[in-house]
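>>> coords below, sequence missing:
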């Protein structure tokens, strides 16, 4: 055995810069390496959405392959993975947003509270109210702040008079954490707000039609850290009333806001688990390499 | 996209993690020197060596402070997750244990000065347990540092299993010292000092065992601390 004293090697710049031909400092032996099945528990004790064997095709391209996942009530689930892995495609299946893409075909089963959302009798308009969506870039209507929020409840007949509509607008803006900032400017254009405020206006607009699920596709990628923190705080508050699925490229955001995390890779759901477990002790090599930044 | 299991895309991050690893080994090497020298001054009654151990204590303290600063900086800059997070956690815990090993060595050096500094000459039989426990402590520390360096999971498990031997030796030593005290009450003063020394050596063995436990957590994600049955 070499003397341990010999290990007292001085640190040099080569080592600091990572150019040293060093050994890998982490374990690799115990990881799952197979692609065939998702690692971790795909089920939820109290599911709101149940997806089984979901496949999505864009023409010939097989974008999502046999994904099965439950999304539980009052939970925030993060979908993470490299660009093009299918995470956005997957959440767009959950309110049939992919229907608008020519050549897109979805197979398998997606149920919302037990009801098949791809059933031929399903009306997608109320479905998209039940399963609302917030996009990467805030997209307020070119209308007043009030009208941005009131538009949905009005067309869905959720308010019988102006007073009720005003109440819905106020509650939605309050839940979105925007009321105090805009209550005196409700007639101002939505696009006059800052980026972070616009995103919260879009969330208020989604909430206003009384959804069960809110899908968020990189909702903070265009926002500064303060606006991001507000949205993340909001997600934590909204979880009391809604189920939230968020697609994010920010590992820290996924770790901060979600209770469960699902990792996608090349159209497959590789691993799903409690967020703390996924970020401290992932079970699949691909998850480990992605979250630690080892993809070359 | 290809899978790279050799290192981070941002290579400097690999260097920073390597740096933490080497800081542990560096501090470990210094801790081992301190323990060896403290035992040597007991064996050879070399008081100059005891003073050297005391003088080097600040190097151990500086090593700990330096390692902590590097760890905090890395967490702030890289937000480590997965195996990287476990490595940083293991390093942080290991550094604390190594610094405490240094403290125990200083405690032994001070006791050596106390025992031999007055020109006293205790019965060499009293020092017998110090030699046995000292050899076990040094061996444990050497093994643990080797295990950390080589990230050897099996050796870590073996070290934790073997740790019971040291506890048993400590208990045996206490019983023998008790006998000396009962035989001749003039031995009490020396015997108390020897008890403190073998207790310090037993603690060094515990810290060495902790290093192996942190390594297991780093490698497997499993926390085996305080779970004697896990590895039984």
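Now that the structure is in, tell me what you want to look at. Computed from a predicted structure; not experimentally measured. Numbering: from 1, shown residues only, chains lettered A, B, ... in the order given.
>>> now do the buried residues in stretch A:230-240.
Neighbour-count burial for stretch A:230-240, counted by 16 or more other CB atoms under 10 Å in any protein chain shown, picks out A:230, A:231, A:232, A:234, A:235, A:238, A:239. For the C-beta atoms, the positions are set from N, CA and C on the backbone; glycine is no exception.
>>> same question, stretch A:286-294
Buried residues in stretch A:286-294, defined by neighbour count with 16+ other CB under 10 Å: A:286, A:287, A:288, A:289, A:290, A:291, A:292, A:293, A:294.
>>> re earlier: in helices, which of the buried residues of stretch A:230-240 appear?
Using DSSP state H, A:230, A:231, A:232, A:234, A:235, A:238 are the members of those that sit in helices.
>>> picking up where we left off before, report the lowest-confidence entry in the buried residues of stretch A:230-240.
Checked by pLDDT, these have residue A:230 as the lowest-scoring entry (87).
>>> returning to what we had before: return the member of the buried residues of stretch A:230-240 nearest to chain B.
Nearest to chain B, judged by CB to the nearest CB, of the buried residues of stretch A:230-240 is residue A:232 at 15.1 Å.
>>> quick one, what contacts that closest one?
Residue A:232 sits next to A:220, A:253, A:256, A:257 when contact means CB atoms under 8 Å, 6 or more residues apart in numbering or on different chains.
>>> farthest-separated two in the residues you listed?
Comparing every pair within the contacts of residue A:232 by CB to CB identifies A:220 and A:256 as the most remote, at 10.7 Å.
>>> still on that earlier bit, which one of the contacts of residue A:232 is nearest to residue B:44?
Nearest to residue B:44 among those, counting by CB to CB, is residue A:256 at 57.9 Å.
>>> and for that closest one, the neighbour number?
By the criterion of other CB atoms under 10 Å in any protein chain shown, residue A:256 has 18 neighbours.
>>> the nearest residue to residue B:125 once chain neighbours are set aside - how many residues pack around it?
Leaving aside its sequence neighbours, residue B:125 sits nearest to residue B:180 (CB to CB, 6 or more residues apart in numbering or on different chains; 7.1 Å). Using other CB under 10 Å, residue B:180 is surrounded by 21 other residues.
>>> isn't there a helix covering residue B:180?
Yes. Assessed with DSSP: H, G, I helix; E, B strand; the rest coil, residue B:180 lies in a helix.
>>> would you mind measuring from it to chain A?
Look at residue B:180 and chain A: by CB to the nearest CB, to the nearest Å, they are 34 Å apart.
>>> returning to what we had before: redo the contacts of residue A:232 as a markdown table? Include distance to residue B:194 and secondary structure.
Output for the contacts of residue A:232, formatted as a markdown table (distance: CB to CB, whole Å; DSSP: H, G, I helix; E, B strand; the rest coil):
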| residue | distance to residue B:194 | secondary structure |
| --- | --- | --- |
| A:220 | 64 | coil |
| A:253 | 58 | helix |
| A:256 | 54 | helix |
| A:257 | 58 | helix |
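>>> ok, of the residues you listed, which come out buried?
Buried among these (16+ other CB under 10 Å): A:220, A:253, A:256, A:257.
>>> and which of these is nearest residue B:108?
For the buried ones among the contacts of residue A:232, the residue nearest residue B:108 by CB to CB is residue A:256; the value is 46.8 Å.
>>> give the contact list for that closest one.
Residues near residue A:256 by CB under 8 Å, 6+ apart: residue A:232.
>>> for the stretch 151-296 of chain A, what spans make up the helices?
In the stretch 151-296 of chain A, the segments counted as helices under DSSP state H, counting those that start in this stretch are A:162-175, A:179-182, A:195-208, A:225-238, A:251-257, A:275-280, A:285-291.
>>> can you flag the weakest of these by average pLDDT?
The weakest mean pLDDT among those belongs to helix A:225-238, with a mean of 90.
>>> ok, now which ones touch the residue nearest to the spatial centre of chain A?
Centroid check for chain A by CA atoms, centre = their mean gives residue A:246 as the closest residue, at 1.0 Å. For residue A:246, the contact set (CB under 8 Å, 6+ apart) comprises A:76-79, A:215-217, A:219, A:235, A:253-254, A:257-258.
>>> show me where pLDDT drops low in the chain?
In the absence of a named chain, this looks at chain A. Scanning chain A for pLDDT under 70 picks out A:1-36, A:296.
>>> please go with chain B instead
Scanning chain B for pLDDT under 70 picks out the ranges B:1-6, B:228-232.
>>> where exactly do the helices run in it?
Using DSSP H, helices in chain B cover B:11-44, B:47-55, B:57-78, B:82-116, B:128-150, B:153-183, B:188-220.
>>> so which other helices or strands are in contact with the longest one?
Using 3 or more CB pairs under 8 Å, 6 or more residues apart in numbering or on different chains; DSSP states H and E as the contact test, the elements touching helix B:82-116 are helix A:275-280, helix A:285-291, helix B:11-44, helix B:47-55, helix B:57-78, helix B:188-220.
>>> what does the third one give?
Contacting helix B:57-78 under the criterion 3+ CB pairs under 8 Å, 6+ apart are the following elements: helix B:11-44, helix B:82-116.
>>> rebuild those as a markdown table, extending it with mean neighbour count.
Putting the helices and strands packed on helix B:57-78 into a markdown table (neighbours: other CB atoms under 10 Å in any protein chain shown) gives the following:
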| stretch | mean neighbour count |
| --- | --- |
| helix B:11-44 | 22 |
| helix B:82-116 | 23 |
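>>> partners of the residue nearest to the centre of chain A in the sheet?
Under DSSP bridges, the beta-bridge partners of residue A:246 are residue A:78, residue A:216.
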